[in-house]
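Student: I need the structure of the sequence given here:
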Amino acid sequence: MRSTLHDIDEQLLAQMRDHVLAYASSTPVRRVAVVANAPLEPSEERRDLIDSSDLVIRCNSLALDHVKGPPCVGTRTNVVVAARTTRPTPGFLHDYRNRAYFVVDVFHLTVPDPPGWPSYWPSDLGAWLLPNRAFGLPLKYLLRPDRAGLDVAPTTGTQAVYLAYRLFPEAEIVLTGFSFLDDPEQRSWGYHLPGLRQSPVHSAHKLDREGAYLQGLVDRGEVRYVA
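Tutor: Residues are numbered from 1 along each chain as shown. Okay, here's the model as predicted:
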């Protein structure tokens, strides 16, 4: 049975990889940029690194550089990882037909009928759930192995990193915009998008554990962090 479940999980991941590849800017995917939403200072180098990646993954209430604004986070998006509670921003649904959307579901592990998509999402958005058995549960276990992942719900940003890591293990993975790598004690989220008010960090997010997990990837050279 264990072997069968492993095979099914690998098939799911292969299907997800094929789906993502259909939206990549170029293949093979040699570099993946994972852009979270923390406020960032202008940087042409960071902007160019993001926009020249083969695959750009963003999450939740994402921001994009304005054509007349300073260079910060670039304008390209191939994949969006979102929660149902994501607050809409001008960039969230921009050019959505040319992106892959994944919806996180770790908050609904024990709910037989998870809620549907928000009403403002287009009916042809075509979002996929990130499968809990093949994806959500392994990440929860990595964050809290002593309790088999109980009582921890990974942030959307960490799930976006894990998605890149699982689907493209041979690629260079670049992270930016992750505030809890510098401040794992933070109690509210700030956003790169001007005017978007801060929101509280949910109690199920264990930022110290997520920060330690991501920092471990950085320290081992498995991902690169760009401030």
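Student: how about stretch 208-224: buried residues?
Tutor: Across stretch 208-224, burial judged by 16 or more other C-beta atoms under 10 Å covers 209-211, 213-215, 217, 223. (C-beta placed from N, C-alpha, C; glycine too.)
Student: just send those residues back as CSV, with pLDDT and secondary structure too.
Tutor: CSV is the format used below for the buried residues of stretch 208-224 (pLDDT from 0 to 100; DSSP: H, G, I helix; E, B strand; the rest coil):
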residue, pLDDT, secondary structure
209, 92, helix
210, 93, helix
211, 94, helix
213, 94, helix
214, 96, helix
215, 96, helix
217, 97, helix
223, 97, coil
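Student: could you list the low-confidence segments of this protein?
Tutor: Counting by pLDDT under 70, the chain contains low-confidence residues at 1-3, 5, 107-112, 114, 147-150.
Student: what helix or strand does the residue most central in space within it sit in?
Tutor: Nearest residue to the geometric centre of the chain (C-alpha atoms, centre = their mean): residue 160, 2.2 Å. Using DSSP states H and E, residue 160 falls within helix 156-167.
Student: residue 179 contacts residue 186, correct?
Tutor: Yes - between residue 179 and residue 186 a contact is recorded at 6.3 Å, counting by C-beta atoms under 8 Å.
Student: neighbour-wise, which of the two wins?
Tutor: residue 179 (20 against 15; other C-beta atoms under 10 Å).
Student: nearest spatial neighbour of that one, chain-adjacent residues omitted?
Tutor: Of all residues not flanking residue 179 in the chain, residue 38 sits nearest, at 3.7 Å (C-beta to C-beta, 6 or more residues apart in numbering).
Student: quick check, the one you found in a strand?
Tutor: No - under DSSP: H, G, I helix; E, B strand; the rest coil, residue 38 sits outside any strand and is assigned coil.
Student: returning to what we had before: if you count neighbours, what's buried in the helix holding residue 160?
Tutor: 156-165, 167.
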